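Chemist: Sequence plus the predicted model coming up.
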Protein chains: 2
Amino acid sequence: MSSAAPAFSPAEPLTVMGAGLVGSLLSLYLARRGHPVQVFERRADPRRAGFQEGRSINLALSDRGWRALEGVGVADDIRQVGIPMTGRVMHDAHGALTRQPYGQDGQAIYSVNRGHLNRRLLDLAEARPNVRLRFGQQCLGIDLKNQRLDLLDTATQHAHSEPYTRLFGTDGAFSAVRGALQRTDRYDYSQDYLEYGYKELTIAAGPAGAWQLEKNALHIWPRGQFMMIALPNLDGSFNGTLYFPFEGAESFAALRTPAEVVAFFGRVFPDALPLMPQLATEYFHNPTSSLVTIRCYPWKHADDVLLLGDASHAIVPFYGQGMNAGFEDCRVLNELLDQHGDAAWPAIFGAFQAQRKPNADAMADLALYNFTEMRDRVADPRFLLQKKIEGKLAAQFPGRWTPLYSQVTFSHTPYAEAWAAGQRQDAIMARLMPHIRAEADFDQPAVQALVQREMADF
Amino acid sequence: MSSAAPAFSPAEPLTVMGAGLVGSLLSLYLARRGHPVQVFERRADPRRAGFQEGRSINLALSDRGWRALEGVGVADDIRQVGIPMTGRVMHDAHGALTRQPYGQDGQAIYSVNRGHLNRRLLDLAEARPNVRLRFGQQCLGIDLKNQRLDLLDTATQHAHSEPYTRLFGTDGAFSAVRGALQRTDRYDYSQDYLEYGYKELTIAAGPAGAWQLEKNALHIWPRGQFMMIALPNLDGSFNGTLYFPFEGAESFAALRTPAEVVAFFGRVFPDALPLMPQLATEYFHNPTSSLVTIRCYPWKHADDVLLLGDASHAIVPFYGQGMNAGFEDCRVLNELLDQHGDAAWPAIFGAFQAQRKPNADAMADLALYNFTEMRDRVADPRFLLQKKIEGKLAAQFPGRWTPLYSQVTFSHTPYAEAWAAGQRQDAIMARLMPHIRAEADFDQPAVQALVQREMADF
């Protein structure tokens, strides 16, 4: 943030629709630059007692998210309540474990509580005199021509209109702001659902809040056509998520009674079942949610509306990058404001969508790709051997071979570049692996000669 | 059509939303089977005086369309007012012509007038006692749960509701029926616009209604990043269509005055300009329309709503298959009724979408592929040489090598199979063409040896 006096009229207020993770972070960024910011949010204030979370309980924060939080000075604060996960632990059908580190020593992704993070960002935003938060404000429609938001106050059931000069749509995958853009001429839009749903389930804490699985890991029960994962919570529990087909022989539709659920978990997740005392209740109480990829373009309307986060690029959760990508949106927008000045909205909106759209598309592809990897490939010894060989390549060619996962998770390389490099690496590994039966084969002269030839072109 | 007594209750009426080309043909098919059919159409009756066409004036009917028309006994009647086009004629920037036949001797696509075809199908439908046509009925919404159509009578501005038991959505690319399905859970949907628009322009008839270009051809002015095409009309004129970028140095946005339009046409379409006396007027009077590909799934809701034609698979016009694909939908549905019986709607709706969806997706891809071919590749002598070599392959391997264009246009091979075969052929041609500099090279022993090897695997 520049300390110079702002080169724009501070009388022009900015409007943010949506005070979830991305909306609250964006509001902070804009307010720190001196803009008056008004934030509307459909739901009630999550800091009030009795607030019900509608979304996943914990999230994996990685380097892109941390960098964006650092930009508003809140990273250290959040890190204290995050749990570092340094690798994946795979649980096979007999309960045997395999561990795969995520990166190098000292690298980790962090399990953080969504509600805590959101509330902390809202506290910081509200503490600034130029931010006004207005909860319980449902967007009924937007008059793009007259720059007017039509809102319903959900407490009083009173409909009212609010003018805007710049509107930021951070209202998530089912964005009302994007809904207005979708009705404009020649608007590209797609929504694609997986045939899979997900359900959150609890792995209980042990006595005295002890973690009953390795604390500093993301746990995966890969079963080919379905999987369960679990992320640690501070209270010793883990938040488990079952990703399961909606229909078919092994599916949400096929498990109809508590007895069927318990028998199924006992067969496919035998080591987890004893740690899930509430399974039968939770399974029928908790919602089955769907998994959608949303793409659209443009992300702006004229020079006065801009979409960020899930509103413009909702992705499936399998790379743990949904929140990180949305936070990176905020960081990139802030850099464009530094670069162009706070009055140059037309240039900034244009540059923002031109830069972020290909990266969001790549991240959407990566997230779908990682679903197959997590539920199926990580159970394959050949795949795990390949990951070890890739680790050796990274050690032998530092800075020249960075594993795809590390580029996405522990770097700020644009997603589109990371994905393109990852696809080239996959092609090399497909040529290399037929010559490798065990880890030690990597050092054989013939294999090393092949490696040198491949790396000469890479 | 079976002559046996119908095995269903004729009291159950069928509802068709949309009386365009597909809706009117579908109504005829259903009525001929003995079903009572009620048809609602947003627009006024196109057979009344003063009706304004909103869509392209002429269309290219090919084998799939003819077969569907034969099924209701109207093909011969329409063929009398269609103009066979036996090939493409390319016009280069100096007015020089190149001709490429579409198929073998006797094969042609037919330029037919959209309005005439639609009015003829409506006349036939209305002549059946069990069909009721209701024009000026705009669909405001659909209550899928209670099976109720909410309609507005556009003449009286009176809103009313109509119950349905089976509803067929044939209401085009911006289908209101699909709109209702889009709001159901987990609905896959995409709309993708080209950066190109189109504008219809007239190439005038000569003295005494003479055609001033070759009558029995589809004319193309391929110019790389844009093109004009023209199809013959019965009155001696041609209906021209300019496909042109919306933005850029050579675009709709760049031509702002009549003088600029005339100068541009004089430079890029020098042989056409003298035949377009109304150009400057028409260019600014006629609309600039956009080009969209729409994909969605499922095409049915429960067992009581089914989408057909553009409502489920709107495509760009470059393969001339939009109407043909919609007509093929009707023919396939009729065959499924023959196969399953007229009461088996659940099985029929399921089988219809399972069979047609991959074919519609393939046709959408083919239509986009052909845009590049028409505006760019047909101007390349190497491409035209390749087409001649493909013709030789077709002659040498009858029944084994059918050119892609012929499979799409002159066969009933499912589009998905045609497209897959076409991609394999493209791969073979990419390996063959580097060995061929002229047409005669095809007969050289080395080339023939390569051909034999390729065809052994094909």
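Modeler: Yep, that arrived. Numbering: from 1, shown residues only, chains lettered A, B, ... in the order given.

Chemist: in what helix or strand does residue A:66 lie?
Modeler: helix A:63-70 (DSSP states H and E).

Chemist: Convert the next helix or strand after that helix to PDB, retaining C-alpha atoms only.
Modeler: Counting by DSSP H and E, the element after helix A:63-70 in chain order, helix or strand, is helix A:75-79. What follows is helix A:75-79, C-alpha atoms only, in PDB (Å, rounded to 0.1, in the frame of the first residue of the first chain):
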ATOM      1  CA  ALA A  75      -1.200 -13.800   8.100                       C
ATOM      2  CA  ASP A  76       0.700 -14.300  11.400                       C
ATOM      3  CA  ASP A  77      -2.500 -14.100  13.300                       C
ATOM      4  CA  ILE A  78      -4.200 -16.800  11.300                       C
ATOM      5  CA  ARG A  79      -1.200 -19.000  11.200                       C
END
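
Chemist: so what secondary structure elements neighbour helix A:75-79?
Modeler: helix A:63-70, helix A:114-126 (3 or more Cβ pairs under 8 Å, 6 or more residues apart in numbering or on different chains; DSSP states H and E). (Each C-beta comes from the backbone N, C-alpha and C, glycine too.)

Chemist: Mind telling me which of those the model trusts least?
Modeler: Lowest mean pLDDT of the helices and strands packed on helix A:75-79: helix A:114-126, a mean of 95.

Chemist: Past that helix, which element shows up next along the chain?
Modeler: Going down the chain from helix A:114-126, the next helix or strand is strand A:131-134, by DSSP H and E.

Chemist: Need the contact partners of that next one.
Modeler: Strand A:131-134 is contacted from outside by A:19, A:27-28, A:31, A:36-41, A:45, A:122, A:125-126, using Cβ atoms under 8 Å, 6 or more residues apart in numbering or on different chains.

Chemist: Closest residue of chain A to chain B?
Modeler: Here chain A gets closest to chain B at one residue, residue A:190, 3.4 Å apart by Cβ to the nearest Cβ.

Chemist: Who does the closest residue to that residue other than its chain neighbours form a beta bridge with?
Modeler: In space, and not counting its chain neighbours, residue A:190 is closest to residue B:190: 3.4 Å by Cβ to Cβ, 6 or more residues apart in numbering or on different chains. Note on residue B:190: beta-bridge partners by DSSP bridges are residue A:190, residue B:295.

Chemist: re the thing from before, chain center to the helix holding residue A:66: distance?
Modeler: 13 Å (Cα atoms, centre = their mean, to the nearest Å).

Chemist: for stretch A:291-310, same thing?
Modeler: That offset, for stretch A:291-310, works out to 16 Å (Cα atoms, centre = their mean).

Chemist: Model confidence for residue A:35, exactly?
Modeler: 95.

Chemist: Output the helix holding residue A:66 as PDB, restricted to C-alpha atoms.
Modeler: Coordinates of each C-alpha in helix A:63-70 appear next as PDB, following Å, rounded to 0.1, in the frame of the first residue of the first chain:
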ATOM      1  CA  ASP A  63       1.200 -20.000  -0.200                       C
ATOM      2  CA  ARG A  64      -1.100 -18.000  -2.500                       C
ATOM      3  CA  GLY A  65      -3.600 -17.500   0.300                       C
ATOM      4  CA  TRP A  66      -0.900 -16.600   2.800                       C
ATOM      5  CA  ARG A  67       0.600 -14.000   0.500                       C
ATOM      6  CA  ALA A  68      -2.800 -12.300   0.100                       C
ATOM      7  CA  LEU A  69      -3.400 -12.400   3.800                       C
ATOM      8  CA  GLU A  70       0.100 -10.900   4.400                       C
END
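
Chemist: Please identify the deepest-packed of the helices and strands packed on helix A:75-79.
Modeler: Highest mean neighbour count among the helices and strands packed on helix A:75-79 (mean count of other Cβ atoms under 10 Å in any protein chain shown): helix A:63-70, with a mean of 21.

Chemist: To residue B:216, which of the helices and strands packed on helix A:75-79 lies closest?
Modeler: Comparing the helices and strands packed on helix A:75-79 against residue B:216 with Cβ to Cβ, the closest turns out to be helix A:63-70 (61.2 Å).

Chemist: Okay, angle between the closest one and helix A:114-126 too, please.
Modeler: Put simply, helix A:63-70 runs at 30 degrees to helix A:114-126, going by axes from the mean of the first three to the mean of the last three Cα atoms, to 10 degrees.

Chemist: ok so, going back, just curious, which of the contacts of strand A:131-134 is nearest to residue A:282?
Modeler: Residue A:282 has its nearest neighbour among the contacts of strand A:131-134 in residue A:45, at 26.8 Å by Cβ to Cβ.

Chemist: burial of that closest one, as a residue count?
Modeler: 15 (other Cβ atoms under 10 Å in any protein chain shown).

Chemist: do the same with residue A:274
Modeler: For residue A:274, using other Cβ under 10 Å, the count is 11.

Chemist: my guess is residue A:283 contacts residue A:259, does it?
Modeler: No - here residue A:283 does not reach residue A:259: they are 11.3 Å apart, not a contact under Cβ atoms under 8 Å.
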